[in-house]
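**Student:** From the sequence below, what's the structure:
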Amino acid sequence: MFLYILQVKKIIFCDIDDTLAKRMRKISKKNIEAIKEYTKRGGKFIMATGRSIVSAYRFQEQINEAIGKEEEFLICSTGGYIVDKKNKIIIKHLIPNDVAWRIFELAKRNDLWCLFYTEEANDKRGVYAKSIWFWWILKMFKNLNVLKIRDNTNLTSFKIIISSFIPSKVRSFVDILNEKFANQVSFTLTNKLVIEINAFGINKASAASEIMKHEGVCKEDVAAIGDSGNDINLFDIVSLPIAIKTKNELVKQHSMYHVKSFKNGVAIAINDYILNE
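**Tutor:** Numbering: from 1, shown residues only. Sure thing, here's the model as predicted:
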């Protein structure tokens, strides 16, 4: 048994939405059981999500209850910050206020929706948004307070989301970001309707790397599970990247395995590819 424990990946970084769970739904029983078995064998299961701590922690609580302890880390806002088991932010990377406002003005000019994950909003268990659609979706599915952007609002942000129902508008804004903010922010085209923007050089991979360094583990000791564009950089720094039911061809290309069913997909990934590696 001791030798078997040594063979298990020391860390799994796992996305939440459309990977571990669907929106407001609970993590499935089989996913929970697989995570419990993995941690029992010595592994650390760390969620890496685009969500804020407010909307991510209910999933963390489910895992903590199942494994009988509190996991040490949670990556939020696509790497914008890392919290410890006491929900304290221990590492953060912020987009400056002036840069965030310039992005906001350009997004408005191009008729795009904006969402700002700021420190102030975090303290108020919410986000700043400029869209009726965002107001509805955040209230319904993310359990967040939606705060109104005013002329004096400090938009210093862990992360910014830009979105539209028109893919061509989103693609055009990617060109604007490349042209005007190339060395000021990093961004990911999460899907054809959503851009996630972080401080320069920051993403899920950068946050995971900081945790790996803290834990003294190397690429060979780590797996990652995800489904979208913001998981690609994470896949590239681990030895066992696993995609969960995705139509994104780039995500598939950067994964070693593709679980074709979302239902209990994390359980399949852990049981078939990680515990039996």
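
**Student:** Give the burial count for residue 265, as a bare number.
**Tutor:** 24 (other CB atoms under 10 Å). Backbone N, C-alpha and C define where each C-beta goes, glycine included.

**Student:** I'd assumed residue 245 was in contact with it.
**Tutor:** Yes - Residue 265 lies in contact with residue 245 (CB atoms under 8 Å); the separation is 6.0 Å.

**Student:** Need the residues touching each of those two.
**Tutor:** residue 259 (CB atoms under 8 Å, 6 or more residues apart in numbering).

**Student:** got the buried residues for the host helix or strand of residue 179?
**Tutor:** Assigned by DSSP states H and E, residue 179 falls within helix 167-180. By neighbour count on 16 or more other CB atoms under 10 Å, the buried set for helix 167-180 is 169, 170, 173, 176, 177.

**Student:** Could you report the separation of the fourth one from residue 116?
**Tutor:** Taking CB to CB, to the nearest Å as the criterion, residue 176 is separated from residue 116 by 17 Å.

**Student:** Could you do the last one as well?
**Tutor:** Plainly put, residue 177 is 15 Å away from residue 116 if you go by CB to CB.

**Student:** Mind checking what helix or strand follows the lowest-mean-pLDDT helix or strand in the chain in sequence?
**Tutor:** Counting by mean pLDDT, DSSP states H and E, the chain has its least confident helix or strand at helix 2-7, which shows a mean of 47. Where DSSP H and E defines the elements, the next helix or strand beyond helix 2-7 is strand 11-14.

**Student:** Need the residues that contact that following strand.
**Tutor:** Contacts for strand 11-14 (CB under 8 Å, 6+ apart): 20, 38, 43-48, 75, 204, 208, 211-212, 215, 217, 221-226, 234, 238, 266, 270, 274.

**Student:** And the helix or strand just after that strand, what does it pack against?
**Tutor:** Following strand 11-14 in sequence order, the next helix or strand is helix 29-40 (DSSP H and E). With contacts defined as 3 or more CB pairs under 8 Å, 6 or more residues apart in numbering; DSSP states H and E, helix 29-40 has these neighbours: strand 44-47, helix 53-67, helix 265-268.

**Student:** any idea which of the ones you listed is most buried?
**Tutor:** Ranked by average neighbour count under the criterion mean count of other CB atoms under 10 Å, the helices and strands packed on helix 29-40 are headed by helix 265-268 at a mean of 24.
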